[in-house]
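Asks: no FASTA, just this:
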């Protein structure tokens, strides 16, 4: 490339930006992305289309291969055709998980005839304890046709990665453990695309009202 410099001129290679400037630019870029994400979330909250047509629709969700409460293999493509309410948790969860699943069940009952278009899905993040029979017994306590999914450690990690779900084992006194995890209900459209989300603590009537807008 040195031969490309004009004759009679002095060529000097461009200076590399200092590490401090690169770090500052990266941090600023991250803040801008977070700010844009928050703005989009606010804009989509009451939209009938949700995240449809935005980058968010493809950023959450993806392929998985798990086992349901009856021992059958279930993939993400098997669930296409219905709206999904997807929640990651575990059966030993003391409060967040039963609250979220109960809110989902109550929201479905508020949908009336439209509830047949929505399927609640509970994916464990504690496959060591949450076998298929354990999951089956657990979800039977809720008045809703909840699909409970478990699998190998690797299969669960893959599903959680696709949904951007955080989880980690938290040791307890006496050798037992609990699980720290994200408590979000993901709404996926019939084509498997992310559309909206709720907190696990959002009231059932609020969830139902939002779903009615999406289903309309």
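Replies: All right, it came through fine. The structure presented is a predicted model; accordingly, all values stated were derived computationally and were not measured. Numbers count the residues shown, from 1 in each chain.
Asks: now the spatially most central residue of the chain, what are its backbone angles?
Replies: Centroid check for the chain by Cα atoms, centre = their mean gives residue 163 as the closest residue, at 3.6 Å. The phi/psi pair for residue 163 (degrees, to the nearest 10) reads phi -100, psi 10.
Asks: what pLDDT does the model give it?
Replies: For residue 163, the pLDDT comes out at 95.
Asks: again with residue 151
Replies: For residue 151, pLDDT reads 98.
Asks: the residue nearest to it when sequence neighbours are not counted bridge partners, please.
Replies: Leaving aside its chain neighbours, residue 151 sits nearest to residue 66 (4.2 Å; criterion: Cβ to Cβ, 6 or more residues apart in numbering). The way it works is simple: take the backbone N, C-alpha and C, and place the C-beta from them, glycine included. On the basis of DSSP bridges, residue 66 is bridged to residue 74.
Asks: can you give me phi and psi for the spatially closest residue to residue 82 that is not a sequence neighbour?
Replies: Distances taken as Cβ to Cβ, 6+ apart place residue 119 nearest to residue 82, at 4.7 Å, with adjacent residues excluded. Dihedral angles of residue 119 (phi, psi; degrees, to the nearest 10) stand at phi -120, psi 120.
Asks: shaky segments in this protein?
Replies: 1-57 (pLDDT under 70).
Asks: quick check: domain ranges of it?
Replies: Domain ranges of the chain: 13-44, 56-215, per automatic domain parsing.
Asks: most packed of the ones you listed?
Replies: Highest mean neighbour count among those (mean count of other Cβ atoms under 10 Å): domain 56-215, with a mean of 18.
Asks: dump the residue contacts of the residue nearest to residue 151.
Replies: 73, 74, 75, 123, 149, 150, 151, 155, 156, 159 (Cβ atoms under 8 Å, 6 or more residues apart in numbering).
Asks: any idea how far the nearest residue to the third one once chain neighbours are set aside lies from residue 199?
Replies: Counting by Cβ to Cβ, 6+ apart, the nearest residue to residue 75 once its immediate chain neighbours are dropped is residue 65, at 5.0 Å. Residue 65 sits at a distance of 28 Å from residue 199 (criterion: Cβ to Cβ, to the nearest Å).
Asks: same thing with residue 104?
Replies: For residue 104 relative to residue 199 (Cβ to Cβ), the value is 12 Å.
Asks: overlap in contacts, these two.
Replies: By Cβ under 8 Å, 6+ apart, the residues touching both residue 104 and residue 199 are residue 185.
Asks: strands of this protein, start to end?
Replies: 65-68, 73-75, 83-89, 118-124, 147-150, 167-171, 177-181, 184-188, 194-199 (DSSP state E).
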